[in-house]
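Enquirer: Got a predicted model here, sequence first, then my questions.
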Amino acid sequence: MQASALAQLRHTISRLEGRPATGWDWTNGSASGPGAGGTDPLATIRIGLGLEEADQVLQGGLRTAAVHEIFAAAADGPAATGFAVGLAQRVLSALAPAGRPRLLWIRDDFCELEWGGLFASGLVEWGLDPGVLVMVRVPRPLDGLRAAADALGCGGLAAVVLESSGPAALLDLTATRKLALAAAASGVTALTLRLDGAPVPSAAETRWLIEAAPSSTGATRRRWPWLGNPAFTATLARHRGGRDGRWTMEWDGDGRRFRAPPSEAIDDGTRMSLPLPLRPADPGPLAAETDGRTAGPAPGRSATAGPLLSRRRFPGRGGGQDR
């Protein structure tokens with residue numbers, strides 16, 4: 001039986017049984033659903049990150065309708081999450097006018113407990129409207145993989161983020177190949193966010209290794225180094241058909257783009273934890289110490305810059321511990 005006829009038969013049976021008609025049959029390694037195995041016109045589009053040096057290496061930008069991997073050590077998990085949000089925002093901004101106004105984020109229960117939930121105020125500060133984000137929680141990594149495969153068949157999505165923590169044996173070469181074919185057929189970009197996991201052979205278009213980098217607020221950085229735009233050291237460790245690279249970049253939430261940080265933001269060995277002199281409760285001396293500057297939002301920024309990840313309290317776990 002021809003592959004197209006077999007796919008149509010599976011589609012008909014799935015519809016009659018009330019099961020999803022698209023996605024991958026993970027038991028025999030074949031695609032199901034009409035159009036499986038084709039290529040969407042969006043597969044030829046590249047979306048720039050905003051950082052010229054990186055876009056040149058990427059031959060114009062990140063290719064849509066492909067799989068892109070993001071890895072980070074446990075300590076850099078929040079930075080990698082922010083980098084993934086930035087990439088998803090770039091794809092969403094480019095494809096929303098084309099009728100793809102939604103972003104799907106899939107994570108299992110362990111990720112939710114280990115890293116906390118995505119924080120709406122933090123997403124707004126990042127430049128992402130929480131109203132376009134659809135969150136899916138699944139009990140097991142295998143369920144997340146299946147959900148991602150089904151979601152990649154939805155033409156109304158700009159991107160799908162599949163988040164996992166620790167070793168993920170399921171996301172091997174075979175599984176990522178299936179995801180890549182599904183993404184190419186639908187035009188949906190797949191981002192796999194791997195926290196505290198080691199890279200393995202895969203069919204991804206790019207592989208990014210993310211570390212947190214010092215932020216910058218211009219002249220105030222040396223005195224108050226914890227303020228400023230979020231910054232990353234991003235290593236492009238794999239680039240199918242192209243060169244790799246390594247850059248320090250920061251996310252501009254107002255412009256919704258990555259950019260090179262000011263020269264003084266490059267890590268010069270200054271530590272984030274600095275000894276501060278004891279001051280009385282009266283804010284007068286503190287204001288004088290900061291050359292008259294007082295607390296408040298940076299120009300053009302909102303007054304509340306919520307964290308990207310939130311920690312929730314679970315009263316039933318050890319008497320109410322923070323997670």
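Expert: All right, it came through fine.
Enquirer: hey, where'd the helices end up in the stretch 51-200 of the chain?
Expert: With DSSP state H, counting those that start in this stretch, the ranges of helices along the stretch 51-200 of the chain come out as 52-57, 77-95, 109-115, 120-126, 141-151, 173-186.
Enquirer: Kindly present the ones you listed as CSV, with separate columns for mean pLDDT and mean neighbour count.
Expert: Glycine gets a C-beta too; all of them are placed from N, C-alpha and C. Compiled in CSV, the helices of the stretch 51-200 of the chain are given as follows (pLDDT from 0 to 100; neighbours: other C-beta atoms under 10 Å):
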stretch, mean pLDDT, mean neighbour count
helix 52-57, 96, 15
helix 77-95, 95, 23
helix 109-115, 89, 17
helix 120-126, 91, 18
helix 141-151, 95, 21
helix 173-186, 94, 22
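Enquirer: Can I get those helices in TSV including distance to R257?
Expert: Listed next are these as TSV, based on distance: least, C-beta to C-beta, whole Å:
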stretch	distance to R257
helix 52-57	10
helix 77-95	7
helix 109-115	25
helix 120-126	12
helix 141-151	26
helix 173-186	23
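Enquirer: nearest to P167, of these?
Expert: Closest of the helices of the stretch 51-200 of the chain to P167 is helix 141-151, at 9.8 Å (criterion: C-beta to C-beta).
Enquirer: what's the angle between that closest one and helix 173-186?
Expert: 20 degrees (axes from the mean of the first three to the mean of the last three C-alpha atoms, to 10 degrees).
Enquirer: which strands and helices sit next to helix 141-151?
Expert: Here helix 141-151 touches strand 23-25, strand 102-108, strand 133-138, strand 157-165, helix 173-186, going by 3 or more C-beta pairs under 8 Å, 6 or more residues apart in numbering; DSSP states H and E.
Enquirer: Now do the SS call for G241.
Expert: At G241 the chain is in coil, as set by DSSP: H, G, I helix; E, B strand; the rest coil.
Enquirer: so how many other residues sit close to it?
Expert: Per other C-beta atoms under 10 Å, the neighbour tally for G241 reads 7.
Enquirer: For it, give its distance to A234.
Expert: The gap separating G241 from A234 is 19 Å, by C-beta to C-beta, to the nearest Å.
Enquirer: Using CSV, lay out the helices and strands packed on helix 141-151 together with distance to E114.
Expert: Below are the helices and strands packed on helix 141-151 laid out as CSV (distance: least, C-beta to C-beta, whole Å):
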stretch, distance to E114
strand 23-25, 27
strand 102-108, 10
strand 133-138, 13
strand 157-165, 6
helix 173-186, 22
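Enquirer: quick one: which of these is nearest I70?
Expert: strand 157-165 (9.0 Å).
Enquirer: and the closest one, which strands flank it?
Expert: strand 102-108 (parallel), strand 189-195 (parallel) (DSSP bridges).
Enquirer: So for it, mean pLDDT?
Expert: Averaged across strand 157-165, pLDDT comes to 96.
Enquirer: what's the angle from it to helix 77-95?
Expert: 170 degrees.
Enquirer: got the angle for strand 157-165 vs strand 133-138?
Expert: Using the same axes, to 10 degrees: strand 157-165 against strand 133-138 is 40 degrees.
Enquirer: and for strand 157-165, what are the contacting residues?
Expert: 77, 81, 84, 87-88, 91-92, 94-96, 100-108, 110-111, 114-115, 141, 144-145, 148, 151-152, 171, 188-197 (C-beta atoms under 8 Å, 6 or more residues apart in numbering).
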